[in-house]
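Engineer: Coordinates for the following, if possible.
(chains A and B)
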2 protein chains.
Amino acid sequence: MRRNGGQLAAVFSWEPFGKVSVMSESIHDDDPGFGVFHAGELQAHQRYGAARLTRGLAASVRDRLNPRLIAFLKVQPFFFIATANDRGDCDCSYRGRQHAPPNDPEPLLAVPDERTIVFPDYPGNNFFNSIGNLLTNPRIGMLFIDFASATRVRINGTARVIDEVGDYWQDWPSAARLIEVTVQQAYPNCRARIPHLAPAPR
Amino acid sequence: MRRNGGQLAAVFSWEPFGKVSVMSESIHDDDPGFGVFHAGELQAHQRYGAARLTRGLAASVRDRLNPRLIAFLKVQPFFFIATANDRGDCDCSYRGRQHAPPNDPEPLLAVPDERTIVFPDYPGNNFFNSIGNLLTNPRIGMLFIDFASATRVRINGTARVIDEVGDYWQDWPSAARLIEVTVQQAYPNCRARIPHLAPAPR
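Structural biologist: Okay, the predicted model is just below:
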């Protein structure tokens, strides 16, 4: 599976999101992390006996969203984001759907294309931990976890804070601003240690 | 509330974790972020009209855990972590309790003292995203969210990967290694946009 100019290199089953075709251009044999893993991850692979898996793991990471994944994202009630400032200080934040008229609930996010996710930033606690981090370092890690089906997805990319809500006002009338993510990595996680939770009256 | 050598400066109600006393030594009036907020957050406070709140928000951030917060942490079934590598690439990861004999469930974490949280790292998908990040940058952001009570807590600090499980083997017989967090910031978040979820049979 050397790089050979965009021919089909492999087909992975990416449950629950269907089969995905890996084009050989996605596999970076000239990079020790195969275009996915950085030096710290490679160090961990070596240290914990996973180095022989590195290439296969890298090939399972997609650089865009597919239709079934987009459908999954759009019906989730919440997700989690990791951001860090330019000194590496990290923050983990919750993002949930707004329940308010006239759209109750409002959409969690929008997916204008297979490489782009937009979500609203609502007025909150005024800490601005996530936004403050993104103003100094645009990298973002997103985690979607569905406690009904024990499905877990990671999406990593670069985020831009947009101060004008513009046409998205109709979807998110109470949004203060938007965050637009350019997707660079998308991959599923296993179901381990996810309890089953279901909506219930409070 | 100038710094004056450790006298009581304020008492905040920190629901649901009781009242907390803020000692004046915790308030860094010589720092524009009052010992809590970094340049990006301060920029966001200015940009979005929250600058007059900065000092009060900073005073609500604790540098250690209190008994009611520790009790809350110990009964949670899961939490989320944000880590970043030394280039600022971020990852958001789920950490759940292990359900396996003889301890079913195993404890989510241990709190050896008011500044320290230890949690197990179980064998997983072999990506080593969190561990790989921590090997290059020890900063960590933790988010606890209880969907039963709509309680949300952020704990930020510095993490160390410990390859020997040692005496924690009795709590976490299947753990591969430990992560030990030195707590630097702990604060609650509001209940907004958290749906009520309850345990349910799968």
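
Engineer: Helices of chain A, residue ranges please.
Structural biologist: A:39-47, A:54-59, A:67-74, A:129-136 (DSSP state H).

Engineer: want to throw those helices into JSON lines with distance to residue B:67 and mean neighbour count?
Structural biologist: For every residue, glycine as well, the C-beta is placed using N, CA and C. Output for the helices of chain A, formatted as JSON lines (distance: least, CB to CB, whole Å; neighbours: other CB atoms under 10 Å in any protein chain shown):
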{"stretch": "helix A:39-47", "distance to residue B:67": "35", "mean neighbour count": "20"}
{"stretch": "helix A:54-59", "distance to residue B:67": "42", "mean neighbour count": "19"}
{"stretch": "helix A:67-74", "distance to residue B:67": "39", "mean neighbour count": "16"}
{"stretch": "helix A:129-136", "distance to residue B:67": "25", "mean neighbour count": "25"}
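
Engineer: just so I know, which of the ones you listed lies nearest residue A:180?
Structural biologist: helix A:129-136 (10.5 Å; CB to CB).

Engineer: could I get the helices of chain A as TSV with mean pLDDT and distance to chain B?
Structural biologist: Formatted as TSV, the helices of chain A follow (pLDDT from 0 to 100; distance: least, CB to the nearest CB, whole Å):
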stretch	mean pLDDT	distance to chain B
helix A:39-47	98	3
helix A:54-59	91	6
helix A:67-74	95	14
helix A:129-136	98	3
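
Engineer: which stretch among those helices comes nearest residue B:158?
Structural biologist: Going by CB to CB, the one of those nearest residue B:158 is helix A:39-47, 15.5 Å.

Engineer: Show me what that closest one is packed against.
Structural biologist: Counting contacts by 3 or more CB pairs under 8 Å, 6 or more residues apart in numbering or on different chains; DSSP states H and E, helix A:39-47 is packed against helix B:129-136.

Engineer: mind redoing it with 10 Å?
Structural biologist: helix A:54-59, helix B:129-136 (3 or more CB pairs under 10 Å, 6 or more residues apart in numbering or on different chains; DSSP states H and E).

Engineer: And chain A, what are its domain boundaries?
Structural biologist: A:34-62, A:67-189 (the TED database).

Engineer: Give me the pLDDT value at the most centrally placed residue in chain A.
Structural biologist: Centroid-nearest residue in chain A, with CA atoms, centre = their mean: residue A:155, separated by 1.9 Å. For residue A:155, the model assigns a pLDDT of 98.

Engineer: again, but for residue A:151
Structural biologist: Reported pLDDT for residue A:151: 94.

Engineer: Could you do residue A:17 as well?
Structural biologist: 80.

Engineer: Does residue A:79 touch residue A:142 like I think?
Structural biologist: Yes. Judged on CB atoms under 10 Å, residue A:79 makes contact with residue A:142 at a distance of 5.8 Å.

Engineer: tell me, what's touching those two both at once?
Structural biologist: A:73, A:95, A:109, A:117, A:119, A:153, A:155, B:92 (CB atoms under 10 Å, 6 or more residues apart in numbering or on different chains).

Engineer: now the residues you listed in JSON lines, with distance to residue B:28?
Structural biologist: Conversion of the shared contacts of residue A:79 and residue A:142 to JSON lines gives the following (distance: CB to CB, whole Å):
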{"residue": "A:73", "distance to residue B:28": "41"}
{"residue": "A:95", "distance to residue B:28": "30"}
{"residue": "A:109", "distance to residue B:28": "37"}
{"residue": "A:117", "distance to residue B:28": "37"}
{"residue": "A:119", "distance to residue B:28": "33"}
{"residue": "A:153", "distance to residue B:28": "40"}
{"residue": "A:155", "distance to residue B:28": "36"}
{"residue": "B:92", "distance to residue B:28": "29"}
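
Engineer: now, which of these sits nearest residue A:16?
Structural biologist: residue A:153 (9.6 Å).

Engineer: Which residues are in contact with that closest one?
Structural biologist: Counting by CB under 10 Å, 6+ apart, residue A:153 has contacts A:14, A:16-17, A:65, A:69, A:72-73, A:76, A:79, A:142-146, A:186-189.

Engineer: Now, of those residues, which are buried?
Structural biologist: Buried members of those, scored by 16 or more other CB atoms under 10 Å in any protein chain shown, are A:14, A:17, A:65, A:69, A:72-73, A:76, A:79, A:142-146, A:186-189.

Engineer: In strands only, show me these.
Structural biologist: Using DSSP state E, the subset of those located in strands is A:79, A:142-146, A:186-189.

Engineer: show me which of the residues you listed neighbour chain B.
Structural biologist: A:79, A:142-145, A:187-189 (CB under 10 Å from any CB of the partner chain).

Engineer: Chain B: which of those is nearest?
Structural biologist: Minimum distance to chain B across those is 3.9 Å, recorded for residue A:143 (CB to the nearest CB).

Engineer: who's in contact with the residue nearest to the closest one when sequence neighbours are not counted?
Structural biologist: In this structure, residue A:143 finds its nearest non-sequential neighbour in residue B:92, 3.9 Å apart by CB to CB, 6 or more residues apart in numbering or on different chains. Applying CB under 10 Å, 6+ apart, we find residue B:92 in contact with A:79-83, A:90, A:92-93, A:140-145, A:154-156, B:80-83, B:129-130, B:141, B:143.

Engineer: Quick check: bridge partners of residue B:92?
Structural biologist: On the basis of DSSP bridges, residue B:92 is bridged to residue B:82.

Engineer: Count the residues that sit near residue A:15.
Structural biologist: 10 (other CB atoms under 10 Å in any protein chain shown).

Engineer: What separation do you get for the nearest residue to it once chain neighbours are set aside and residue A:150?
Structural biologist: Nearest non-adjacent residue to residue A:15, counting by CB to CB, 6+ apart: residue A:188, 7.2 Å away. Plainly put, residue A:188 is 11 Å away from residue A:150 if you go by CB to CB, to the nearest Å.

Engineer: Check residue A:36 too.
Structural biologist: 24 Å.

Engineer: need the contact list for residue A:176.
Structural biologist: Residue A:176 neighbours (CB under 10 Å, 6+ apart): A:120-124, A:131, A:163, A:165, B:48.
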